[in-house]
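A.B. asks: give the three-dimensional model of this entry:
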Amino acid sequence: MTRLSVNINKVATIRNARGGNVPDLLQVAKDCEKFGAEGITVHPRPDERHIRYNDVRLLKPVVNTEFNIEGNPIPSFIKLVDQVLPDQVTLVPDSPDALTSNAGWDCIKNRAFLTEIVSHLRSLGIRSSIFLDPDLSQVEAAAITGVDRIELYTESYAKQFAIDRLNAVSSFSAASELANEIGLGVNAGHDLDLENLSFFKENVSNVKEVSIGHALISDALYYGLEKTIKLYLNELAK
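C.D. replies: Numbering: from 1, shown residues only. So this is what the prediction gives:
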């Protein structure tokens, strides 16, 4: 069964637009778990435009499922990880001014750097994951770093889904098959939604976890959070 981790960045974006504590980020995390989510994901950025570093610290004792922190492993991020000790850290190569994550790692070019970070996370007992495009050479290079999992960056799949879903998913199927063959776990995330999620899960083998934020929080405006989480869980159960 593929686990659903809810990315609550967008909840923090709404809160920050007005100041104060509405909506209450910690309560939303608790409610997501109560409604069936099997993990909570946050992606703090240096400018703290949504999730703040202190939010991450406050969330750690609240999250009872899996706590996944995403981010570029700059010194301030690694210091935060060292303090919080989440269940999983997903390494993402986004620049500080990126609107959202827009590319996977070049694990060939950055092998030494990533190997050092992964080794540090392992020493802390934290599962590591590398955000990756569905490129077979990059999957092989990721394995060399010693990482536990890869997270397939699914924006290209989502964009092509309505045009040619079989072609859209093919590279992800191949990447996941290779990852499983060489001992890497597979996560996935970015622009997965109620329209494209079940097809992705059906055609990409052994996906352990999907991280979904923007689409899920947007759907919750119409359906409510509890019903929305159940809808996503139903898609994963097909």
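A.B. asks: any weak-confidence spans in this structure?
C.D. replies: Where the chain drops to pLDDT under 70, the residues are 95-102.
A.B. asks: quick one: what helix or strand has the one residue sitting closest to the centre of it in it?
C.D. replies: Per C-alpha atoms, centre = their mean, the C-alpha nearest to the average position across the chain is that of Ser211, at 4.1 Å. Using DSSP states H and E, Ser211 sits within strand 207-212.
A.B. asks: so which bits of the next helix or strand after that strand are buried?
C.D. replies: Using DSSP H and E, the helix or strand that follows strand 207-212 towards the C-terminus is helix 214-223. Within helix 214-223, the residues that count as buried by 16 or more other C-beta atoms under 10 Å are 214-217, 219-220. To be clear about C-beta, it is placed using only N, CA and C from the backbone, and glycine gets the same treatment.
A.B. asks: then stretch 153-167?
C.D. replies: In stretch 153-167, counting by 16+ other C-beta under 10 Å, buried: 153-158, 160-161.
A.B. asks: do you know how far Lys238 is from Leu166?
C.D. replies: Using C-beta to C-beta, to the nearest Å, one obtains 17 Å as the distance from Lys238 to Leu166.
A.B. asks: that older thread, other SSEs contacting the strand holding Ser211?
C.D. replies: strand 3-7, strand 39-42, strand 66-71, strand 185-189, helix 197-203 (3 or more C-beta pairs under 8 Å, 6 or more residues apart in numbering; DSSP states H and E).
A.B. asks: hmm, back to that, now do the same contact list for the residue nearest to the centre of the chain.
C.D. replies: Shown in contact with Ser211 (C-beta atoms under 8 Å, 6 or more residues apart in numbering): 5-7, 39, 41, 68, 70, 90, 151, 187-189.
A.B. asks: may I ask which of those has the most neighbours?
C.D. replies: Most neighbours among the contacts of Ser211, by other C-beta atoms under 10 Å: Val6, with 31 neighbours.
A.B. asks: check what contacts the lengthiest helix in the chain and list those residues.
C.D. replies: Secondary structure of the chain per DSSP state H: the longest helix is helix 165-181. The contact list for helix 165-181 (C-beta under 8 Å, 6+ apart) reads 132, 134-136, 139-140, 143, 150, 152, 154, 156-157, 159-161, 185-186, 188, 196, 199-200, 203-207.
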